[in-house]
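Visitor: Give the three-dimensional model of this entry:
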Amino acid sequence: MKKNNKKKDYRFQNKRDKEKKKKTSDAEKYQGLNNINQVTGVPKSHSFHSSIPIPPPKTIMEPLPVCPDCNERIQGIAESFSLPDGQFIHFDCMLRRVRDKEHLQEGQSISYIGHGNFAVVEKTEEGRYVIVRTIPVEDDKAYKDMKEYVEALKV
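Guide: Numbers count the residues shown, from 1 in each chain. Next up, the predicted model:
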């Protein structure tokens with residue numbers, strides 16, 4: 001009778017081992033990401049902090065010139081155009097000047113294309129915009145001088 005008891009104990013032990021193997025095998029099968037920080041790519045937090053001082057961010061101390069067209073102050077000089085006489089003009093005021101000078105046909109519009117240039121654009125049948133002609137407003141030297149001026153204003 002002792003032999004049967006041993007067999008029963010042995011069987012129960014096998015079942016427990018099988019259950020343990022099942023549990024670990026399920027965990028081993030899953031080799032994905034454990035938490036949301038790993039999914040989003042957030043780095044692990046560290047218990048140490050740097051002793052390097054963080055410099056304060058630079059601010060721009062710029063003048064507030066008056067626009068010759070609308071007689072209002074220009075709040076963001078980086079978002080304005082410089083005129084040949086050294087004055088600054090709002091983007092919207094310059095756009096209005098360009099629209100007044102250009103004679104647009106039906107289906108054409110004015111668009112800013114960068115580096116101080118506007119363009120007359122036309123929409124094709126496929127829905128793409130094609131540049132009909134370029135309208136230079138600010139020459140390259142004035143554009144470069146404006147960038148250097150804004151960089152020099154940073155404190």
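Visitor: which residue ranges form the strands in this protein?
Guide: 80-82, 88-90, 108-114, 117-123, 129-136 (DSSP state E).
Visitor: Quick one, which of those gets closest to D145.
Guide: When the strands of the chain are compared by C-beta to C-beta, strand 80-82 sits nearest D145, at 7.2 Å. Yep, even glycine has a C-beta here, placed from its N, CA and C like the rest.
Visitor: What's the mean pLDDT across that closest one?
Guide: Averaging pLDDT along strand 80-82 gives 85.
Visitor: Would you give the sheet partners of that strand, along with the direction of each?
Guide: strand 88-90 (antiparallel) (DSSP bridges).
Visitor: before we move on, back to that, of all the strands of the chain, which lies closest to R99?
Guide: Judging those by C-beta to C-beta, what sits closest to R99 is strand 108-114, at 5.6 Å.
Visitor: got the buried residues for that closest one?
Guide: Residues 108, 110 are the ones in strand 108-114 that count as buried (16 or more other C-beta atoms under 10 Å).
Visitor: and that strand, what other elements does it pack with?
Guide: helix 91-101, strand 117-123, strand 129-136 (3 or more C-beta pairs under 8 Å, 6 or more residues apart in numbering; DSSP states H and E).
Visitor: Just the buried residues of stretch 141-153, please?
Guide: 142-143, 146.
Visitor: What is the nearest of these to K58?
Guide: The nearest member of those to K58, counting by C-beta to C-beta, is M146 at 17.8 Å.
Visitor: ok so, going back, format the buried residues of stretch 141-153 as JSON lines; extra columns: distance to K101 and pLDDT.
Guide: Below are the buried residues of stretch 141-153 laid out as JSON lines (distance: C-beta to C-beta, whole Å; pLDDT from 0 to 100):
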{"residue": "A142", "distance to K101": "19", "pLDDT": "76"}
{"residue": "Y143", "distance to K101": "20", "pLDDT": "75"}
{"residue": "M146", "distance to K101": "22", "pLDDT": "75"}
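Visitor: follow-up on the earlier one: out of the helices and strands packed on strand 108-114, which one sits most buried?
Guide: strand 117-123 (a mean of 18; mean count of other C-beta atoms under 10 Å).
Visitor: Look up which residues are beta-bridged to the residue lying closest to V98 once chain neighbours are set aside.
Guide: Computed as C-beta to C-beta, 6 or more residues apart in numbering, the closest residue to V98 that is not its neighbour in sequence is F118, at 5.1 Å. Counting by DSSP bridges, F118 is bridged to Y112, I135.
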